[in-house]
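> Show me how the following folds:
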Amino acid sequence: MDIAALEEVTQKLVIRGKGLLAADESNASCQKRFDAVHVPCTEETRREYRELLLTAPGAEAYLSGVILFDETFWQSTHTGQIFREYLKNHHITPGIKVDKGLIDLPGFPNEKLTQGLDGLPERMATYHGAGARFAKFRCVITIDEGGIPTDECIGANTFVLSRYARICQDAGIVPIVEPEVLYDGDHTIEQCEATTAHVYDVLFQTMRAFRVHLPGAILKTGMVLPGKASNRVMDHDDVAARTVRTLHEHVPEELGGVVFLSGGQTSNDAFINLNRIAKRGSHPWGMTFSFSRALQDPVLKAWAANRNETQATKELFHHQLALASAASKGELDEASLGDDTSASHAQDL
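Predicted structure coming up:
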């Protein structure tokens with residue numbers, strides 16, 4: 001394990017003012033998104049859309065890295081340049097999603113476990129050889145009536161995340177561990193805070209047990225939110241206060257960084273919550289965004305409406321990146337945000 005190299009990549013990924021684009025949706029997730037905007041979902045349309053994002057002029061001013069799906073990792077621009085090489089040439093670090101999706105956790109109704117450890121050392125060696133310098137693995141935790149999440153579900157998923165993280169580091173790749181407490185549901189913000197804190201406690205205890213080098217690892221997390229179906233009004237200051245408190249009390253200071261997912265919030269809510277969180281610094285770790293839909297939703301709609309107007313769509317994506325960057329520094333002019341009442345579901349199960 002090259003500790004110095006891992007820490008160097010980690011610090012580049014969470015450098016102030018830049019963040020991560022999560023462009024790692026599976027083909028099944030892309031199918032749902034493309035169906036919603038009436039665009040055929042084929043290998044070529046997925047490549048075309050992702051080229052639009054990855055080659056937006058000036059994106060390197062706001063992006064430190066991009067998380068790619070395996071299909072995209074090997075694809076190229078229409079001029080023949082491999083995406084990961086294009087990113088590297090623009091000082092953006094290419095990363096790779098390596099989990100294999102969710103299965104039911106046997107014996108625990110309505111709880112999930114993430115697949116992807118089988119063959120992972122060999123896959124990580126291949127990805128590292130091809131230029132990946134960080135990876136992401138996502139698990140999900142659901143809050144529901146009847147004692148969910150169970151300790152067994154949390155333990156099983158944090159075990160998987162910890163094994164993944166150690167395998168990554170042995171291959172010279174920075175692991176992003178993502179134990180997503182789902183926004184979907186009717187739970188209270190108090191329930192979300194308690195669950196998130198417990199997940200953090202178990203996660204970092206397990207990562208230490210598997211000798212993961214924490215300064216060379218990154219946590220990808222949701223914010224502490226009331227359930228989307230709870231009909232509670234989003235109080236951005238309360239979200240920020242609870243999120244910061246939970247992080248500061250339950251995440252080790254030596255961790256390399258913290259990045260936030262947007263997870264079904266409207267773009268405006270994600271930007272404002274991130275802005276309020278950043279304003280409550282200083283934080284012991286680099287802290288920034290790792291957004292998918294908060295950045296992409298308006299861009300996907302614009303692209304679908306007129307796929308020939310690529311310049312205007314790239315400019316819209318650049319604008320979304322600028323908002324996320326400002327929010328990550330606590331410098332977002334919240335009054336400048338337009339109307340935004342639509343939001344996708346949280347990440348697919």
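> drop to CA atoms for contacts and neighbour counts, all remaining ones
Noted.
> a strand runs through Ala324, doesn't it?
No: applying DSSP: H, G, I helix; E, B strand; the rest coil, one finds Ala324 to be helix, outside a strand.
> show me what contacts Gly222?
Contacts here follow CA atoms under 8 Å, 6 or more residues apart in numbering; on that basis Gly222 touches Glu180, Val181, Leu182, Phe260, Leu261, Ser262, Gly263.
> Now go through those residues and say which are in strands.
With strands taken from DSSP state E, the overlap with these comprises Glu180, Val181, Phe260.
> which of those residues count as buried?
Glu180, Val181, Phe260 (16 or more other CA atoms under 10 Å).
> which among those residues gets closest to Ser290?
Phe260 (5.4 Å; CA to CA).
> wait, isn't that closest one in contact with Thr243?
No: Phe260 sits out of contact with Thr243 when judged by CA atoms under 8 Å, with a separation of 10.5 Å.
> intersection of neighbour lists for those two?
By CA under 8 Å, 6+ apart, the residues touching both Phe260 and Thr243 are Met223.
> Any idea what Val259 is bridged to?
Counting by DSSP bridges, Val259 is bridged to Lys220, Thr288.
> show me the residues around Phe317 that make contact.
Each residue near Phe317 by CA under 8 Å, 6+ apart is listed here: Leu53, Ala56, Leu295, Gln296, Val299.
> what about it, which helix or strand?
Phe317 belongs to helix 310-328 when elements are defined using DSSP states H and E.
> Tell me the buried residues in that helix?
Using 16+ other CA under 10 Å as the test for burial, helix 310-328 gives 310, 313-318, 320-328.
> can you pull out the strands in the stretch 201-349 of the chain?
Ranges of strands within the stretch 201-349 of the chain are 218-221, 257-260, 286-291, based on DSSP state E, counting those that start in this stretch.
> Mind checking these for the one nearest to Glu48?
Nearest of those (CA to CA): strand 286-291, 19.9 Å.
> what's the neighbour count on Ile92?
23 (other CA atoms under 10 Å).
> Would you list the phi and psi of it?
phi -120, psi 130 (degrees, to the nearest 10).
> I figured it hits Leu63, correct?
Yes: using CA under 8 Å, Ile92 is in contact with Leu63, at 6.4 Å.
> Strands of the stretch 1-150 of the chain, start to end?
Using DSSP E, counting those that start in this stretch, strands in the stretch 1-150 of the chain cover 19-23, 63-68, 93-97, 102-104, 112-114, 134-141.
> Make CSV from these and add mean pLDDT, distance to Pro252 and mean neighbour count to it.
CSV is the format used below for the strands of the stretch 1-150 of the chain (pLDDT from 0 to 100; distance: least, CA to CA, whole Å; neighbours: other CA atoms under 10 Å):
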stretch, mean pLDDT, distance to Pro252, mean neighbour count
strand 19-23, 96, 21, 25
strand 63-68, 98, 23, 26
strand 93-97, 98, 24, 26
strand 102-104, 96, 28, 14
strand 112-114, 97, 24, 21
strand 134-141, 98, 19, 25
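> Take the ones you listed and write them to JSON lines, including distance to Gly222.
Converted to JSON lines, those look like this (distance: least, CA to CA, whole Å):
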{"stretch": "strand 19-23", "distance to Gly222": "14"}
{"stretch": "strand 63-68", "distance to Gly222": "17"}
{"stretch": "strand 93-97", "distance to Gly222": "17"}
{"stretch": "strand 102-104", "distance to Gly222": "18"}
{"stretch": "strand 112-114", "distance to Gly222": "17"}
{"stretch": "strand 134-141", "distance to Gly222": "11"}
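> Tell me where the stretch 201-349 of the chain is predicted with low confidence.
Counting by pLDDT under 70, the stretch 201-349 of the chain shows low-confidence ranges at 340-349.
> how about a cut-off of 80?
When residues are selected by pLDDT under 80, those of the stretch 201-349 of the chain lie in 338-349.
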